[in-house]
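Student: prediction below, plus the sequence it came from.
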Amino acid sequence: MTQSKIRPWIINALIAAIYIVLSMGPAAFNLASGAIQFRVSEGLNHLAVFNRKYIWGIVAGVILFDAFGPGASLLNVLFGGAQSLMALLIVTWIGPKLKTVWQRMLLNIVLFTVSMFMIAWMLVLVSSGVAFWPTYFTTALSELIIMSITAPIMYGLNKVLHFSDRIS
(Lines give C-alpha, C1' and ligand atoms only; values in the text may rest on other atoms or scores of the structure.)
Protein backbone atom coordinates (compact mmCIF):
# COMPACT_ATOMS: atom_id res chain seq x y z
CA MET A 1 0.00 0.00 0.00
CA THR A 2 1.36 3.40 -0.92
CA GLN A 3 1.66 6.31 1.49
CA SER A 4 -1.20 8.13 -0.25
CA LYS A 5 -3.54 5.20 0.50
CA ILE A 6 -2.39 4.73 4.11
CA ARG A 7 -2.52 8.43 5.04
CA PRO A 8 -6.36 8.74 5.19
CA TRP A 9 -6.54 5.62 7.39
CA ILE A 10 -3.98 6.99 9.82
CA ILE A 11 -5.58 10.43 9.95
CA ASN A 12 -9.03 8.94 10.53
CA ALA A 13 -7.65 6.76 13.33
CA LEU A 14 -6.18 9.91 14.89
CA ILE A 15 -9.49 11.76 14.52
CA ALA A 16 -11.30 8.88 16.25
CA ALA A 17 -8.75 8.95 19.09
CA ILE A 18 -9.03 12.74 19.43
CA TYR A 19 -12.83 12.42 19.51
CA ILE A 20 -12.60 9.94 22.40
CA VAL A 21 -10.09 12.05 24.34
CA LEU A 22 -12.16 15.24 23.89
CA SER A 23 -15.26 13.35 25.09
CA MET A 24 -13.59 12.21 28.30
CA GLY A 25 -13.49 15.70 29.84
CA PRO A 26 -17.25 16.27 29.70
CA ALA A 27 -17.78 12.61 30.67
CA ALA A 28 -15.99 13.28 33.97
CA PHE A 29 -18.78 15.76 34.78
CA ASN A 30 -21.57 13.52 33.42
CA LEU A 31 -22.03 15.83 30.41
CA ALA A 32 -21.16 13.44 27.58
CA SER A 33 -24.27 11.25 27.63
CA GLY A 34 -27.88 11.76 28.61
CA ALA A 35 -30.34 14.58 28.09
CA ILE A 36 -27.63 17.26 28.31
CA GLN A 37 -24.55 16.58 26.23
CA PHE A 38 -21.65 18.99 25.92
CA ARG A 39 -19.16 16.84 24.06
CA VAL A 40 -16.43 19.21 22.92
CA SER A 41 -15.54 16.43 20.50
CA GLU A 42 -18.67 17.23 18.48
CA GLY A 43 -16.70 20.15 17.06
CA LEU A 44 -14.79 17.59 15.01
CA ASN A 45 -17.98 17.17 12.97
CA HIS A 46 -16.93 20.38 11.22
CA LEU A 47 -13.99 18.54 9.64
CA ALA A 48 -16.42 17.01 7.13
CA VAL A 49 -17.11 20.52 5.83
CA PHE A 50 -13.51 20.67 4.63
CA ASN A 51 -13.20 17.12 3.32
CA ARG A 52 -15.69 14.25 3.31
CA LYS A 53 -12.90 11.74 3.94
CA TYR A 54 -12.99 12.75 7.63
CA ILE A 55 -16.43 11.15 8.07
CA TRP A 56 -15.03 7.74 8.92
CA GLY A 57 -12.78 8.98 11.72
CA ILE A 58 -15.54 11.07 13.24
CA VAL A 59 -18.10 8.25 13.13
CA ALA A 60 -15.54 5.76 14.47
CA GLY A 61 -14.86 8.10 17.40
CA VAL A 62 -18.58 8.40 18.15
CA ILE A 63 -19.13 4.65 17.97
CA LEU A 64 -16.11 3.80 20.11
CA PHE A 65 -16.99 6.37 22.77
CA ASP A 66 -20.63 5.26 22.80
CA ALA A 67 -19.51 1.63 23.06
CA PHE A 68 -17.00 2.06 25.88
CA GLY A 69 -17.70 5.43 27.52
CA PRO A 70 -20.30 6.35 30.13
CA GLY A 71 -23.78 5.23 29.15
CA ALA A 72 -22.33 2.57 26.85
CA SER A 73 -24.95 0.39 25.24
CA LEU A 74 -25.76 -1.16 21.90
CA LEU A 75 -28.60 1.34 21.40
CA ASN A 76 -26.24 4.22 22.14
CA VAL A 77 -23.80 2.89 19.55
CA LEU A 78 -26.53 2.37 16.94
CA PHE A 79 -28.36 5.66 17.46
CA GLY A 80 -25.24 7.79 18.04
CA GLY A 81 -23.41 6.30 15.07
CA ALA A 82 -26.46 6.57 12.80
CA GLN A 83 -27.18 10.15 13.84
CA SER A 84 -23.60 11.24 13.15
CA LEU A 85 -23.31 9.34 9.88
CA MET A 86 -26.65 10.65 8.61
CA ALA A 87 -25.86 14.30 9.39
CA LEU A 88 -22.33 14.04 7.98
CA LEU A 89 -23.48 12.39 4.76
CA ILE A 90 -26.13 15.05 4.23
CA VAL A 91 -23.67 17.89 4.85
CA THR A 92 -21.19 16.40 2.38
CA TRP A 93 -23.97 15.95 -0.18
CA ILE A 94 -25.52 19.43 0.13
CA GLY A 95 -22.41 21.31 1.28
CA PRO A 96 -20.62 21.52 -2.08
CA LYS A 97 -23.64 23.40 -3.47
CA LEU A 98 -23.02 26.18 -0.92
CA LYS A 99 -20.54 28.93 -1.79
CA THR A 100 -18.75 29.57 1.50
CA VAL A 101 -17.25 27.56 4.32
CA TRP A 102 -19.45 29.48 6.78
CA GLN A 103 -22.60 28.41 4.91
CA ARG A 104 -21.46 24.78 5.06
CA MET A 105 -20.64 25.10 8.76
CA LEU A 106 -24.05 26.63 9.44
CA LEU A 107 -25.68 23.76 7.53
CA ASN A 108 -23.63 21.33 9.65
CA ILE A 109 -24.78 23.03 12.87
CA VAL A 110 -28.43 22.89 11.77
CA LEU A 111 -28.22 19.25 10.65
CA PHE A 112 -26.61 18.08 13.88
CA THR A 113 -29.00 20.10 16.01
CA VAL A 114 -32.12 18.84 14.23
CA SER A 115 -30.89 15.25 14.05
CA MET A 116 -30.61 15.11 17.84
CA PHE A 117 -34.20 13.81 17.69
CA MET A 118 -32.55 10.40 17.19
CA ILE A 119 -30.62 10.70 20.44
CA ALA A 120 -33.70 11.97 22.29
CA TRP A 121 -35.71 9.04 20.92
CA MET A 122 -33.03 6.60 22.09
CA LEU A 123 -33.01 8.18 25.57
CA VAL A 124 -36.79 7.82 25.76
CA LEU A 125 -36.48 4.13 24.78
CA VAL A 126 -33.91 3.33 27.46
CA SER A 127 -35.26 5.48 30.31
CA SER A 128 -38.62 5.04 31.93
CA GLY A 129 -40.66 8.19 32.38
CA VAL A 130 -38.53 10.38 30.10
CA ALA A 131 -40.61 12.57 27.81
CA PHE A 132 -39.48 13.05 24.20
CA TRP A 133 -39.97 16.79 23.67
CA PRO A 134 -38.12 18.07 26.75
CA THR A 135 -35.32 15.58 26.05
CA TYR A 136 -35.15 16.63 22.41
CA PHE A 137 -35.05 20.29 23.46
CA THR A 138 -32.11 19.77 25.84
CA THR A 139 -30.10 17.51 23.53
CA ALA A 140 -30.68 19.79 20.53
CA LEU A 141 -29.83 22.92 22.54
CA SER A 142 -26.65 21.26 23.87
CA GLU A 143 -25.62 20.33 20.33
CA LEU A 144 -26.45 23.79 18.98
CA ILE A 145 -24.30 25.43 21.65
CA ILE A 146 -21.26 23.17 21.29
CA MET A 147 -21.36 23.16 17.47
CA SER A 148 -21.73 26.96 17.40
CA ILE A 149 -18.84 27.48 19.82
CA THR A 150 -16.53 25.12 17.96
CA ALA A 151 -17.33 26.41 14.43
CA PRO A 152 -15.12 29.53 14.64
CA ILE A 153 -12.40 27.48 16.36
CA MET A 154 -12.38 24.91 13.54
CA TYR A 155 -12.55 27.72 10.97
CA GLY A 156 -9.47 29.33 12.53
CA LEU A 157 -7.62 26.02 12.80
CA ASN A 158 -8.34 25.39 9.13
CA LYS A 159 -6.65 28.68 8.21
CA VAL A 160 -3.45 27.31 9.77
CA LEU A 161 -3.76 23.54 9.21
CA HIS A 162 -5.61 23.41 5.86
CA PHE A 163 -7.80 20.42 6.73
CA SER A 164 -8.80 19.67 3.15
CA ASP A 165 -5.15 19.06 2.20
CA ARG A 166 -4.21 16.99 5.27
CA ILE A 167 -6.21 13.88 4.41
CA SER A 168 -5.83 13.88 0.62
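Tutor: Structure's in. What do you need? Numbers count the residues shown, from 1 in each chain.
Student: give me the low-pLDDT residue ranges for this protein?
Tutor: 1 (pLDDT under 70).
Student: which parts of it are helices?
Tutor: Secondary structure of the chain (DSSP state H): helices at 3-28, 47-50, 55-68, 74-94, 101-114, 117-126, 132-161, 163-166.
Student: out of those helices, which is closest to Arg39?
Tutor: Arg39 lies closest, by CB to CB, to one member of the helices of the chain: helix 3-28, at 5.1 Å. All C-beta spots, glycine's among them, are computed from the backbone N, C-alpha and C.
Student: now do that closest one against helix 55-68, angle only.
Tutor: Helix 3-28 and helix 55-68 are oriented at 40 degrees to each other (axes from the mean of the first three to the mean of the last three CA atoms, to 10 degrees).
Student: what residues of helix 3-28 count as buried?
Tutor: The neighbour-count check on helix 3-28 (16 or more other CB atoms under 10 Å) flags 8, 11-12, 15-16, 18-20, 22-23, 26-27 as buried.
Student: of those residues, which is the nearest to Ile55?
Tutor: Asn12 (8.5 Å).
Student: tell me how many other residues crowd the nearest residue to that closest one once chain neighbours are set aside.
Tutor: Distances taken as CB to CB, 6 or more residues apart in numbering place Gly57 nearest to Asn12, at 3.2 Å, with adjacent residues excluded. Gly57 has 25 neighbouring residues, counting by other CB atoms under 10 Å.
Student: circling back to that earlier point, including distance to Gly34, could the helices of the chain go into CSV?
Tutor: Output for these, formatted as CSV (distance: least, CB to CB, whole Å):
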stretch, distance to Gly34
helix 3-28, 10
helix 47-50, 25
helix 55-68, 12
helix 74-94, 10
helix 101-114, 17
helix 117-126, 7
helix 132-161, 9
helix 163-166, 30
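Student: out of those helices, nearest to Ile36?
Tutor: Among these, the nearest to Ile36 by CB to CB is helix 132-161 (5.3 Å).
Student: and the closest one with helix 3-28, angle?
Tutor: 130 degrees.
Student: so which elements touch helix 132-161?
Tutor: Packing partners of helix 132-161 (3 or more CB pairs under 8 Å, 6 or more residues apart in numbering; DSSP states H and E): helix 47-50, helix 101-114, helix 117-126, helix 163-166.
Student: out of those, the one nearest Ser148 is which?
Tutor: Comparing these by CB to CB, helix 101-114 comes nearest, at 5.9 Å.
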